[in-house]
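Student: Kindly return the folded structure for what I paste below:
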Amino acid sequence: MATAIDRNFTDSTIRPTARGKTSFLPEPEPAPLWCPIISVDDHLLEPPDLFVSRLPQRLREAAPHVKYDAEGVPFWLLADERLPIIPANGASGRPMDEWTLAPQKYEEFRAGVSDSRQRLLDMDLNGVWASLCFPSLLFGFAGRKLSSLEDQDLGLACIRAYNDWVIEEWCAADRDRYIPCQLPWLNDPSLAAAEIRRNANRGFTSISFTEQPELQGLPSLYSDYWEPVWNALEETDTVVNLHIGSSGYTTRPSSVSPADVIVALFPVVGVMTAVDWIYSKIPVRHPALRIVLSEAGVSWVPTVIERLYRAHRQVEASSAWSTTDPHPVDVLRRSFRFTSIEDTSAFRQLDLIGVENVMLESDYPHNDSSWPATQPLVRRQIEHLDENQYECCVTRTRRNCTGILRLPRTGYRDRNSASSVARNDRSCLAHVLLVYKRESRFSKSGRCPTAYQLIGHRAAKDGGSRPRLRPSEHTPR
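Tutor: Have a look, this model is predicted:
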């Protein structure tokens, strides 16, 4: 059954809620760099003054803000709700036995959890070149708590303030390495569409949308209520990120199912989301729309493909699908992208899923994160891939990017040695950069300028020194 995600953050039957010891794991050594990665699902922790520093004076008193208890522990106050900052907002670098539901102080997380300049150091350490960051657990991954404020003027002002902060402060730490992702205004689709166009003009390339608006008391995906939004997204070429749990619900079969069950069943929400969005016909009416299922995993995709084939064999009996509509499997492969933290079986079924449909994520700094060991984890999963799969993806990406992006001239990936570099005369670019329309540039040093998605690199054939990510010029010394 669907369980309100907020309960997962306060229910002591899931994890302890009392404060205890706070410690950090030893600082990790940089992982041997097999290949730079673009992580399309990470998270940030919002600063205490995000709203009060940006809203008009008349709205500041009612705005979400931070208060401190007698022990100096911060809580966000949102209308009548008191929101603790739990360890899951910054689990990376903390021992697992401290992954409780106890409220935390900002200084009890790694600096990179809430500081985008310090984050660059943690990205460098993990071999992550670029990152797309979703909100923390506090306001919902698509800003549902802000859209749900009773004062609609305040809610809209908060959404705008959040997006201003993302583009002007968080991403400003290094515009080459952060992919801007906006929050939507869900209560007025025409106004939401205007915001999408405005945000596209100032550099946003994606939006975090709710995977199931009906669960928030809004019109369903099958309603034409959302058409202005889809039109604006398609017109501006804005990518739709559907982060699992963004609607405020996760899968918890029993009222006493432990956290382990919730975590294991995260991909189930991805299955439901993909199938429901296909049959809503949103991607049929808007074929240029690109939909990314964030933190949903990939290994389930072959099963969904099988079920869609089976459902389509009964199309003549369907009231939802017509024989003149495109095949649902074609819609899935054309319009959807899938993200992977760890999907060993998926990378052995890329002929079914589509090499170009898979992207990588580290989910820093949440419990699920592969940081700081993303490099060896990814290498173990994909080093078996043959050259044809890489060449296919590189060729397709080059062709599709012509005239859109300036492509780097250096590509590298080595299936046998972490210290080998291939330098190719032909351009090579990560599929992720294509999806999010990010421009790649040469660094001043002439070294590899950007990350390449691991699926899509030529194999290294000539020797060379191990590539390293450059330190950011913006990183505090």
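
Student: and residue 32, what pLDDT?
Tutor: The model reports residue 32 with a pLDDT of 84.

Student: Make sure it is actually in contact with residue 373.
Tutor: No: taking contacts as C-beta atoms under 8 Å, residue 32 lies outside contact range of residue 373: 10.7 Å. Placement of C-beta: from N, CA and C, glycine included.

Student: Can you tell me the element the closest residue to residue 17 other than its chain neighbours falls in?
Tutor: Spatially, and ignoring its direct neighbours in sequence, residue 17 is nearest to residue 101 (4.5 Å; C-beta to C-beta, 6 or more residues apart in numbering). Using DSSP states H and E, residue 101 sits in no helix or strand.

Student: Any idea how many residues pack against residue 101?
Tutor: 19 (other C-beta atoms under 10 Å).

Student: you'd agree it is up against residue 85?
Tutor: No: using C-beta under 8 Å, residue 101 is not in contact with residue 85; the gap is 10.8 Å.

Student: Send me the helix or strand harbouring residue 269 as CSV with only the CA atoms.
Tutor: Assigned by DSSP H and E, residue 269 belongs to helix 266-279. Listed next in CSV are the C-alpha coordinates belonging to helix 266-279 (Å, rounded to 0.1, in the frame of the first residue of the first chain):
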residue,chain,number,x,y,z
PHE,A,266,11.6,1.8,-4.2
PRO,A,267,11.8,0.5,-7.8
VAL,A,268,8.1,-0.6,-7.6
VAL,A,269,7.1,3.1,-7.6
GLY,A,270,9.2,3.5,-10.8
VAL,A,271,7.3,0.6,-12.5
MET,A,272,3.9,2.2,-11.6
THR,A,273,5.0,5.6,-12.7
ALA,A,274,6.4,4.6,-16.1
VAL,A,275,3.3,2.5,-17.0
ASP,A,276,0.8,5.2,-15.8
TRP,A,277,2.6,8.0,-17.6
ILE,A,278,2.6,6.0,-20.8
TYR,A,279,-1.1,5.2,-20.7
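
Student: what packs against it?
Tutor: strand 249-251, strand 291-294, helix 301-312, helix 328-335, strand 336-340 (3 or more C-beta pairs under 8 Å, 6 or more residues apart in numbering; DSSP states H and E).

Student: Flag the shaky bits of the stretch 151-300 of the chain, pLDDT-wise.
Tutor: Judged by pLDDT under 70, the stretch 151-300 of the chain has no weakly predicted residues.

Student: can you pull out the strands in it?
Tutor: Using DSSP state E, counting those that start in this stretch, the strands of the stretch 151-300 of the chain run over residues 178-179, 181-182, 206-209, 239-243, 249-251, 291-294.

Student: now do the stretch 1-150 of the chain
Tutor: Using DSSP E, counting those that start in this stretch, strands in the stretch 1-150 of the chain cover 2-4, 37-43, 65-68, 74-78, 81-84, 128-134.

Student: Now do the second one: which elements does it pack against?
Tutor: Using 3+ C-beta pairs under 8 Å, 6+ apart as the contact test, the elements touching strand 37-43 are strand 128-134, strand 291-294, strand 358-360, helix 374-382, helix 431-436.

Student: Can you show me the CA trace of it as CSV?
Tutor: What follows is strand 37-43, C-alpha atoms only, in CSV (Å, rounded to 0.1, in the frame of the first residue of the first chain):
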residue,chain,number,x,y,z
ILE,A,37,30.6,10.5,-14.1
ILE,A,38,27.6,12.8,-14.4
SER,A,39,25.2,12.1,-11.5
VAL,A,40,21.6,12.9,-12.4
ASP,A,41,20.3,12.4,-8.9
ASP,A,42,21.9,14.1,-5.9
HIS,A,43,20.3,16.2,-3.2
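
Student: Pull the residues that contact that strand.
Tutor: 89, 123, 126-137, 179, 241, 243, 292, 294-295, 339, 341, 359-366, 374-375, 378, 430, 432-433, 436, 451, 453-454 (C-beta atoms under 8 Å, 6 or more residues apart in numbering).

Student: just to revisit the earlier point, for residue 153, which of the strands of the stretch 1-150 of the chain is the nearest?
Tutor: Proximity to residue 153, assessed across the strands of the stretch 1-150 of the chain by C-beta to C-beta, is greatest for strand 74-78 (15.6 Å).

Student: Could you check that closest one and say which residues are buried?
Tutor: 74-76, 78 (16 or more other C-beta atoms under 10 Å).

Student: What of stretch 146-154?
Tutor: In stretch 146-154, counting by 16+ other C-beta under 10 Å, buried: 146-149, 154.

Student: do the same with stretch 304-314
Tutor: Those buried within stretch 304-314 under the rule 16+ other C-beta under 10 Å are 304-305, 308, 311-312.

Student: got the contact list for residue 24?
Tutor: When contacts are counted by C-beta under 8 Å, 6+ apart, residue 24 touches 93-94, 110.

Student: do that again at 6 Å, thanks
Tutor: residue 93 (C-beta atoms under 6 Å, 6 or more residues apart in numbering).

Student: rewinding a little: which single one of the buried residues of stretch 304-314 is nearest to residue 265?
Tutor: Looking across the buried residues of stretch 304-314 and measuring by C-beta to C-beta, the closest to residue 265 is residue 304, at 15.5 Å.

Student: gap between the closest one and residue 261?
Tutor: 21 Å (C-beta to C-beta, to the nearest Å).

Student: And residue 339, by the same measure?
Tutor: Applying C-beta to C-beta to residue 339 and residue 261 gives a distance of 22 Å.

Student: Check residue 185 too.
Tutor: Counting by C-beta to C-beta - residue 185 and residue 261 are separated by 34 Å.

Student: The two: which has the busier surroundings?
Tutor: Using other C-beta under 10 Å as the criterion, residue 185 and residue 261 rank with residue 185 on top: 24 against 15.

Student: The more buried one contacts residue 159, correct?
Tutor: Yes: at 5.0 Å, residue 185 and residue 159 qualify as touching, with contact defined as C-beta atoms under 6 Å.

Student: and residue 341, how many residues sit next to it?
Tutor: Applying other C-beta under 10 Å, we find 21 residues neighbouring residue 341.

Student: State the distance from it to residue 199.
Tutor: From residue 341 to residue 199 the distance is 28 Å (C-beta to C-beta).

Student: same deal with residue 370?
Tutor: Computed as C-beta to C-beta, the residue 370 to residue 199 distance reads 30 Å.

Student: more crowded one of these two?
Tutor: residue 199 (26 against 23).

Student: Look up how far residue 237 lies from residue 190.
Tutor: 20 Å.

Student: picking that back up, could the helices and strands packed on helix 266-279 be laid out in CSV, adding distance to residue 68?
Tutor: As requested, the helices and strands packed on helix 266-279 are exported to CSV (distance: least, C-beta to C-beta, whole Å):
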stretch, distance to residue 68
strand 249-251, 30
strand 291-294, 32
helix 301-312, 46
helix 328-335, 46
strand 336-340, 36
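
Student: Worst mean pLDDT among the ones you listed?
Tutor: strand 249-251 has the lowest average pLDDT among the helices and strands packed on helix 266-279, namely a mean of 85.

Student: Walk me through which strands that strand pairs with, and which way each runs.
Tutor: Strand 249-251 pairs in its sheet with strand 2-4 (antiparallel), by DSSP bridges.

Student: how about residue 59, what does it touch?
Tutor: 154, 157.

Student: Mind doing that once more with 10 Å?
Tutor: With contact taken as C-beta atoms under 10 Å, 6 or more residues apart in numbering, residue 59 is in contact with 51-52, 151, 153-154, 157-158, 161.

Student: Report how far apart the opening and closing residues of stretch 51-71 are.
Tutor: Start-to-end span of stretch 51-71 (C-alpha to C-alpha, to the nearest Å) is 24 Å.
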